[in-house]
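Q: With the sequence up front, the predicted model follows.
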Amino acid sequence: MKSFDILVVGAGIVGSAVARECALLGWQVGVVSGGTLAGSATAAGMGHVVVMDDSPAQLALTAYSQSLWHQLAAHLPKSAEYEGCGTIWVAADDEDMVQVPAKHALYARFGIETNILSAAQLAHAEPNLRRGLIGGLLVPADGIVYPPAVASYFLAEATRLGAEIFPARAVSAAHGEVRLNTGAVLAADRIVLAVGADCKLLPALPIQRRKGHLAITDRYPGFVRHQLVELGYLKSAHTLTEDSVAFNIQPRQTGQLLIGSSRQYGSTGPEIEPEMLRRMLDRAIEYMPSLDNLSSLRTWTGFRAATPDKLPCIGSASGLSDDATLWLATGFEGLGITNAPGAARLLVAAMTAQTPAIDVTPYLPARMKAQVSMPYA
Amino acid sequence: MSQDISSDVLVIGAGPAGIAAATIAAEQGLKVIVLDDNRQPGGQIWRNLSTAHHPSTSKRHPKQQALDRLYRSGAQLLTRRVVFNASASGFAEALHETATDSNVETFRFQQLILATGARERFLPFPGWTLPGVFGVGGLQALTRAGYPVAGKHIAVTGTGPLLLAVAAHLVAAGATVTTVAEQAPMLKLAPFAASLWRQPAKLVQGARYRTKLRSATYRTGCWVVKAIASPDSHTLSAIHMTDGTRTWTEPCDLLACGYYLVPNTELAQLLGCALRGSFVQTDAHQRTSILGIFCVGEPTGIAGLEAAIMQGKIAGLACAGKSTPKLLRRVMKQQVFAKNLEYAFALRQELRSLPKQDTIVCRCEDVTFAAMQAYHGWTDAKLQTRCGMGPCQGRVCGPAAEFLLGWKPPISMRQPLYPVPLRALSSPLASTSKVAINKIEGIESTKERI
Amino acid sequence: MPETLALKINGQLVEVPSGTSVAAALLIASQPFRLSVIGEPRAALCGMGICFECRAVVNGRAHRRTCQLFCEAGMTVETNL
């Protein structure tokens, strides 16, 4: 039986970031990739590096991760398409605009610089937004990446440092053993589950699949310059029970526009749901009317791994499992790309009993214990 | 703006098979609508044939005969409709585009006949992206749409019965066809030629092409390995040809190169119809695996014009709950012809080494053969290289990769099947507002023509 | 003589017989249709709406398949070179 210091199950952006971080320590790393590298949420998602303030713990983790992205940026290959384009939170009405100074002040407390934009400044920054929007908040340090290429880079780094990749699926992962669908069994001191929304390996985890739709256009360079998000986005992301859409658009390095977003529970199939797609695109066209004539190439769906408190699970699985070899890095909802570098660092700090850069208490999987026996809220 | 139009039978594709299906179904008293992406009906084989516009005095072209009968049948033909979404629950959405405007129409149907035809297969080789390199059917379509080729020196290469037909067409248009090069060896072509004896019409057609082409060299067992750009511009000046042992250079202005046909099965797949190999699975009555959905012509197998028309008739009748054993028997015979075609024009293994490391395979995203080869399947390669992610949605590089690398294209099909303006995806399905069909703009109505 | 019409291709007035597709007009005018992602000039390949190599800006709208559009008097075509 092949033996490792650590086995990472899942080769999305989080799993590959963890694999790289562990390989950097000189550990013997094995990665169970499931067949396709970065094939699930990492492939389906938008790829934003964005600071979010849904809760203080979310803000702390995204701000920390953003700083790590800035360090990474210089090393990323061109294929990673890293663009420090910044995010503009768009205010449509007075209710939205009230949030702007508060958000500005809150971000400042976490060391994140932001600029408040007037209606005129917003129109100047993004001429294709509809008229009548009343302002916004620019977060210059936010960026976007092409996640599958980043995951691939992380894995290549890990492999260069000796990590081994198994293009197979894990059928079980517990007590220092991972069984593959090929029949092979691998052993390790530690196992990390970085399996996104596909968490059959640890049924005790209260993670739900939260479906999203996306659409991408042909190339229209310069049509959009920043990542744009409506200030109502957090309301959409926050709601746990209702299907919701929000205006969110990214200018990809190719000149293509990636358009989101939608959130749904209870819809488990990958098929496009025309009604959700229509609502999502209507929302986008409402904010940016001239989108309507742009050529759309593709639409697709993906699944976010959502926890009840909307924070990820990073750390030992103790409390959820009596298996001391089991660690978790999952449940990132829509922030897996942003938070991957931070999560990898925090996890490794916990494994090596180092002091983490930020307080990890809000992300510890053990907090889910209370949720386990309860019906999902 | 969107409109909602209902029919008993919706036919998608107005090539010979679709026209035949629509005609028969309408003659049976069903309300039939036929949609086509192009401005004119006729599909690729009858594309922009001038005979259709100016029917000659004595015997009219089969296309005109078919269209006359279609118009008489009462079926409604709507052209310039790009079907980008459809559901087995009974609707298809199409974008109606003109030079200045576009709107979405929803077509509700009881039964659906897919007659989506085939496209050319392209194989990448060094220089195939140069302006001046066309598909074989591609160059024919462009000349029929007004591209003057008179005085041009043209090489026609690749594989399939289309090579001779197109070469003859180009000669008739005033071009000098310098060479017609068929990759298949004579050994394999001979049984195909022999099978034509059982299909006299086809033989006469072939002989007519050869007569027109007396000046051109017709070679079998050779193919193009490289297209050469003129030194001072980005246009074609010559090609390198090979017969597997010897390589030589031939100057030319244009190259027409295509490797037979690939069935258009995307719409069938979106609807959930089962495939058999590369083709849509149908029974003797052209029924697919989905109740109420039929498929005719090339998506079910490349068997030529006559077979496509007969399949269309069978499906049209089947929609009315009828069948004729005679037709069914005749289609069976055509399937033998299809097998012969498949054998005769099978791609030779040497063509797998056509692309070099730096040859672009995905023309939309400029992805090289080397970049694709680094992965072991479509999904990984798509995610990491963007191949197949451009506007053609893998219609060109997909079949090429299947031949070169053995990659089965991923089957998950989603709307839009073709790129469409975003608003086509955002506009709601039209409610049941009853729009009178004869008020729709762009209709090629039957009534005025009778 | 067939009827002709005039359209603007990259600012140049081009006269073509009516019934000419925009793709054919671009070929007549010896204009590459577009620059590819890495900057290579490209022209129509399939002629039947499949390959999208013939995309150009027609009447101000980008990414139109010129092989599927027919020339109209006063039309403007830009190839974004």
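A: Alright, I've got the coordinates.
Q: three-state assignment of the closest residue to residue B:69 other than its chain neighbours?
A: Among residues not flanking residue B:69 along the chain, residue B:23 sits closest, at 5.2 Å (C-beta to C-beta, 6 or more residues apart in numbering or on different chains). For glycine as for every other residue, the C-beta is placed from the backbone atoms N, C-alpha and C. Following DSSP: H, G, I helix; E, B strand; the rest coil, residue B:23 is assigned to helix.
Q: Neighbours of residue B:23, how many?
A: Other residues near residue B:23 come to 27 when the count uses other C-beta atoms under 10 Å in any protein chain shown.
Q: Please apply the same query to residue B:252.
A: Neighbourhood size, residue B:252 [other C-beta under 10 Å]: 25.
Q: you'd agree residue B:424 is up against residue B:95?
A: Yes - counting by C-beta atoms under 8 Å, residue B:95 is a contact partner of residue B:424 at 5.1 Å.
Q: who in chain C is up against chain B?
A: Within reach of chain B by C-beta under 8 Å from any C-beta of the partner chain, chain C has these residues: C:16-17, C:19-21, C:23-25, C:27-28, C:32-33, C:36-38, C:40-53, C:55, C:58-59, C:63, C:67-70, C:72, C:75.
Q: out of those residues, which are inside helices?
A: C:23-25, C:27-28 (DSSP state H).
Q: I figured residue A:85 was touching residue A:249, is that so?
A: No - counting by C-beta under 8 Å, residue A:249 is not a contact partner of residue A:85; they are 11.2 Å apart.
Q: which residues are in contact with both of the two?
A: Common contacts of residue A:85 and residue A:249, defined by C-beta atoms under 8 Å, 6 or more residues apart in numbering or on different chains, comprise residue A:227.
Q: So which of those two has more stuff around it?
A: Each of residue A:85 and residue A:249 has its neighbours counted (other C-beta under 10 Å); residue A:249 has more, 27 against 21.
Q: Whether whatever helix or strand that one lives in contacts chain C - can you check?
A: According to DSSP states H and E, residue A:249 maps onto strand A:244-251. No - Strand A:244-251 does not reach chain C (C-beta under 8 Å from any C-beta); its nearest approach is 15.4 Å.
Q: Next one: that strand, is it in contact with chain B?
A: No - judged by C-beta under 8 Å from any C-beta, strand A:244-251 stays clear of chain B, getting no closer than 11.0 Å.
Q: Pull up the pairing partners for the helix or strand that that strand is followed by, direction included.
A: Per DSSP H and E, strand A:244-251 leads on to strand A:256-263 as the next helix or strand towards the C-terminus. When pairs are called by DSSP bridges, strand A:256-263 turns out to pair with strand A:208-219 (antiparallel), strand A:244-251 (antiparallel).
Q: who wins for proximity to residue A:197 among these?
A: strand A:208-219 (4.4 Å; C-beta to C-beta).
Q: what's the offset of that closest one from the middle of its chain?
A: 13 Å (C-alpha atoms, centre = their mean, to the nearest Å).
Q: re earlier: can you redo the ones in helices among the residues of chain C next to chain B as TSV with pLDDT and neighbour count?
A: Output for these, formatted as TSV (pLDDT from 0 to 100; neighbours: other C-beta atoms under 10 Å in any protein chain shown):
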residue	pLDDT	neighbour count
C:23	97	31
C:24	97	27
C:25	97	26
C:27	96	27
C:28	96	18
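Q: Going by distance to chain B, which of the residues you listed wins?
A: Using C-beta to the nearest C-beta, residue C:24 comes nearest to chain B of these, at 3.9 Å.
Q: about what we covered before: looking at per-residue confidence, what score does the residue nearest to residue B:69 get?
A: You'll see residue B:23 listed with a pLDDT of 98.
Q: shouldn't it be in contact with residue B:75?
A: Yes - judged on C-beta under 8 Å, residue B:23 makes contact with residue B:75 at a distance of 6.3 Å.
Q: contacting residues for the residue nearest the centre of chain A?
A: Of all residues in chain A, the one closest to the mean position by C-alpha atoms, centre = their mean is residue A:336, 2.1 Å from it. Residues in contact with residue A:336 (C-beta under 8 Å, 6+ apart) are A:12-14, A:41-42, A:45, A:196, A:304-305, A:312.
Q: Within reach of chain B, which of those are there?
A: Okay, of the contacts of residue A:336, nothing touches chain B (C-beta under 8 Å from any C-beta).
Q: List phi and psi for the closest residue to residue A:84 other than its chain neighbours.
A: Nearest-residue entry for residue A:84: residue A:143, 4.5 Å, with adjacent residues in sequence omitted and distances by C-beta to C-beta, 6+ apart. Main-chain torsions, residue A:143, degrees, to the nearest 10: phi -150, psi -180.
Q: Export stretch B:354-362 to CSV, keeping only CA atoms.
A: Output of stretch B:354-362 as CSV, limited to C-alpha atoms (Å, rounded to 0.1, in the frame of the first residue of the first chain):
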residue,chain,number,x,y,z
LEU,B,354,-1.2,15.9,-40.8
PRO,B,355,-1.0,18.5,-37.9
LYS,B,356,2.4,19.4,-36.6
GLN,B,357,3.0,20.5,-33.1
ASP,B,358,2.3,24.1,-33.8
THR,B,359,-0.6,23.6,-36.2
ILE,B,360,-3.8,25.3,-34.9
VAL,B,361,-6.6,22.8,-34.4
CYS,B,362,-9.2,25.1,-32.7
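Q: Average pLDDT for it, rounded please.
A: On average, stretch B:354-362 scores 98.
Q: what sits against the residue in chain C positioned nearest to chain A?
A: As assessed by C-beta to the nearest C-beta, chain A sits closest to residue C:63 within chain C, at 4.5 Å. For residue C:63, the contact set (C-beta under 8 Å, 6+ apart) comprises A:218-219, A:295, B:391, B:419, C:52, C:55, C:57.
Q: just residue A:116 next, same as before
A: So residue A:116 contacts A:100-101, A:104, A:135-138 (C-beta under 8 Å, 6+ apart).
Q: domains of chain A?
A: Using automatic domain parsing, the domain ranges for chain A come out as A:2-45+A:147-205+A:309-372, A:87-140+A:208-305.
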